[in-house]
Each structure stands twice: as structure tokens, then as C-alpha cells.
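Q: the following block contains a protein sequence and its predicted model.
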Amino acid sequence: MRLRHAITGVAVVAIVAALVAFASMPTGAATRDAVVPADARVAATGAVGDARVLLLSQRGRLRLLVAYHRSKGWFGVPVAPAPQGSPVAWAATRGSSVVPSLSAVYGRTDGSPDGVQLRVRWADDRQTLATPASDGAYLVVRRGRVRVADVSVVAADGSTTSLGAP
């Protein structure tokens, strides 16, 4: 009889401990946009798998936030901001169970973005074209950790200007 009470007691303690551990897990935000800091504006977005890469404009600087959804809501992982005044920045994640391995190129073009496209040439010789937002901000994302060989502005007349590589 004592053994039975001991087993029941251990089971109750284990269940209570599991409930406390589950309840202590952080709760995320209700929406993707709710993970964005109040003083930031979403300038552009990209997706890699279920993760969303948000290009934020915050106090005059661009930075990335990788947002992902789990059972308890949306969570965000901030990425260090780009160097001040840099037209091109590169960031990457190593990949985990919640955030995939990804590479992102971002920045802001000078002048009017009307009719302009950005061409990103990756180190593996793949190319991606992107259209900058009305304020010149741009974001290009892809799966995997791949460095950037060059970023160029392609004008409406087809002429190109290299911004270099981050």
C-alpha cells in the first residue's frame, strides 16, 4: 500500500512539474507585426520557409528582425543593424529548429527608386532581382548561408551601377 501511495505521489509531482514548466514557457505575440518594436516601421518583408524576415527602419537606421510562429504565438529574433550610411548590408542565420538557415541583403538606394531594380549576385553565381520600396529601402532573402558577390542598381534604361558587396 505504501508503494502505491509513493508511486501516486511521484506521478502527481511529475505532472505538476510538467505543468509549471509548460506554463513558464514564454508567450509570443498575437500577430507577426506585434513583434516589431513600437518605434520601428516595416520597410520591406521577405520569407524563407515559415520564417518572415522584416526590414525595419528604426531611428533612421535599417535592421532586420526574423519573425517566426510557434504554438504560443509570434516571436522575433533581432539582427544587428547595418553600418550607418552603408548602401549594402548582409546578414545570415545558421539555422535552427525554428529559424531556417537564410541569407539577407538589404539597404537603401540613393535617389528616386522609380523604374529602378536591384540585382544581387550571390557567391554561388545565382542572381536575384528586387524592386526597392518608395523610400529606396530594399530586402532580398534566400535559403542557406551564401555570401554576396555584388549588388547593382539597374536603371530603367538598363544601365547599372555597382553598390559593391557588403
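A: Arrived safely, thanks for sending.
Q: hey, let's count contacts and neighbours off CA atoms from now on
A: OK.
Q: these two touch, right, Arg142 and Ala104?
A: Yes. The criterion here is Cα atoms under 8 Å, and Arg142 meets it with Ala104 at 6.6 Å.
Q: for the two, indicate the residue with more neighbours.
A: Ala104 (23 against 18; other Cα atoms under 10 Å).
Q: run through the bridge partners of the more buried one.
A: Applying DSSP bridges to Ala104 gives these bridge partners: Ala91, Val141.
Q: which parts of the protein are helices?
A: 2-23 (DSSP state H).
Q: what part of it, helix or strand, is modelled with the least confidence?
A: Least confident helix or strand, the chain: helix 2-23 with a mean of 51, by mean pLDDT, DSSP states H and E.
Q: where do the strands sit along this protein?
A: In the chain, the segments counted as strands under DSSP state E are 40-48, 51-58, 61-70, 73-78, 89-93, 102-108, 117-122, 127-130, 137-143, 148-154, 160-164.
Q: now the ones you listed as JSON lines including mean pLDDT and distance to Asp33?
A: What follows is these, written out as JSON lines (pLDDT from 0 to 100; distance: least, Cα to Cα, whole Å):
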{"stretch": "strand 40-48", "mean pLDDT": "93", "distance to Asp33": "8"}
{"stretch": "strand 51-58", "mean pLDDT": "93", "distance to Asp33": "9"}
{"stretch": "strand 61-70", "mean pLDDT": "91", "distance to Asp33": "9"}
{"stretch": "strand 73-78", "mean pLDDT": "91", "distance to Asp33": "9"}
{"stretch": "strand 89-93", "mean pLDDT": "91", "distance to Asp33": "21"}
{"stretch": "strand 102-108", "mean pLDDT": "93", "distance to Asp33": "19"}
{"stretch": "strand 117-122", "mean pLDDT": "95", "distance to Asp33": "26"}
{"stretch": "strand 127-130", "mean pLDDT": "94", "distance to Asp33": "22"}
{"stretch": "strand 137-143", "mean pLDDT": "94", "distance to Asp33": "17"}
{"stretch": "strand 148-154", "mean pLDDT": "94", "distance to Asp33": "28"}
{"stretch": "strand 160-164", "mean pLDDT": "89", "distance to Asp33": "30"}
